[in-house]
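Student: Fold the following, please.
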Amino acid sequence: GEARQVAAVREYLSARPKLAAAVSLEGYCSDVIAYAKKADVFLTTTKFDGFSLSILEAKAAALPVVSYAMPYLESIRPGTGALTVPQGDIEAAAEAIVGLFGDSDGWEKLSRQARVSYEHFSNYDQWAQYESLFASLGSDRARPDMTCDCESMRVILETLLEHVGISF
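Tutor: This is a model prediction of the structure:
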């Protein structure tokens with residue numbers, strides 16, 4: 001679980017003192033916005049998510065987001081202040097972050113988009129979405145819109161299968 005992940009990160013950082021000096025593992029805190037305001041970018045490496053409040057918190061602080069691809073997640077689609085990389089591609093995530101630090105105009109643009117996206121999602125009614133979903137079960141409306149590209153469809157289906165515990 002989480003303790004094992006933290007231990008792995010600490011071990012990794014112990015071998016890299018310069019990187020360790022720039023990383024702070026804070027653990028639980030109730031005021032994440034204060035930390036977000038000190039950051040320049042938000043990295044999330046979750047494999048699947050439904051509605052990521054951590055992404056929304058980052059966007060509240062106008063942080064550009066770097067995330068693994070989750071084509072079904074509206075909060076990281078193009079134009080929302082987020083860059084996505086292939087699932088599990090740590091090098092691509094690192095390159096995206098380094099690229100942002102080398103492109104102040106690009107960073108500014110994503111920062112503005114992130115804040116606008118936060119404003120949009122801050123009015124998002126999750127309960128209404130769930131009610132709509134449950135009301136549509138069994139009807140023709142229950143069928144999802146599958147008009148996305150093949151790569152997005154592959155990621156969506158792999159995520160679904162992994163989420164329900166089916167190996168492939």
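
Student: Which stretches in this structure count as strands?
Tutor: Along the chain, the stretches classed as strands by DSSP state E are 42-44, 65-68, 82-85.

Student: Can you say which of those strands is packed in most?
Tutor: Of all the strands of the chain, strand 65-68 has the most neighbours on average by mean count of other C-beta atoms under 10 Å, namely a mean of 24. Every C-beta, even on glycine, is put in place using the N, C-alpha and C of the backbone.

Student: average pLDDT for the longest helix along the chain?
Tutor: Ranked by residue count under DSSP state H, the longest helix found in the chain is helix 104-122. The predicted model gives helix 104-122 an average pLDDT of 93.

Student: Ignoring the adjacent residues along the chain, who's closest to residue 10?
Tutor: Distances taken as C-beta to C-beta, 6 or more residues apart in numbering place residue 25 nearest to residue 10, at 7.1 Å, with adjacent residues excluded.

Student: Give me the neighbour count for the one you found.
Tutor: Neighbourhood size, residue 25 [other C-beta atoms under 10 Å]: 9.

Student: Could you double-check that it lies in contact with residue 9?
Tutor: Yes: between residue 25 and residue 9 a contact is recorded at 6.7 Å, counting by C-beta atoms under 8 Å.

Student: Tell me the buried residues in the longest helix of the chain?
Tutor: For helix 104-122, burial by neighbour count (16 or more other C-beta atoms under 10 Å) applies to 107, 110, 111, 113, 114, 115, 117, 118, 121.

Student: Between all of those, which two are separated the most?
Tutor: Farthest pair in the buried residues of helix 104-122 (C-beta to C-beta) is 107 and 121. Separation: 20.7 Å.

Student: picking up where we left off before, same for the longest helix of the chain, what does it pack against?
Tutor: helix 53-60, strand 82-85, helix 90-101 (3 or more C-beta pairs under 8 Å, 6 or more residues apart in numbering; DSSP states H and E).

Student: Using TSV, please lay out the ones you listed together with mean pLDDT and distance to residue 71.
Tutor: Formatted as TSV, the helices and strands packed on helix 104-122 follow (pLDDT from 0 to 100; distance: least, C-beta to C-beta, whole Å):
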stretch	mean pLDDT	distance to residue 71
helix 53-60	89	15
strand 82-85	96	8
helix 90-101	93	16
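
Student: do you know which of those lies nearest residue 150?
Tutor: Taking C-beta to C-beta, strand 82-85 is the member of the helices and strands packed on helix 104-122 nearest to residue 150, at 16.1 Å.

Student: wait, what's in contact with residue 95?
Tutor: Contact partners of residue 95, counting by C-beta atoms under 8 Å, 6 or more residues apart in numbering, are residue 85.
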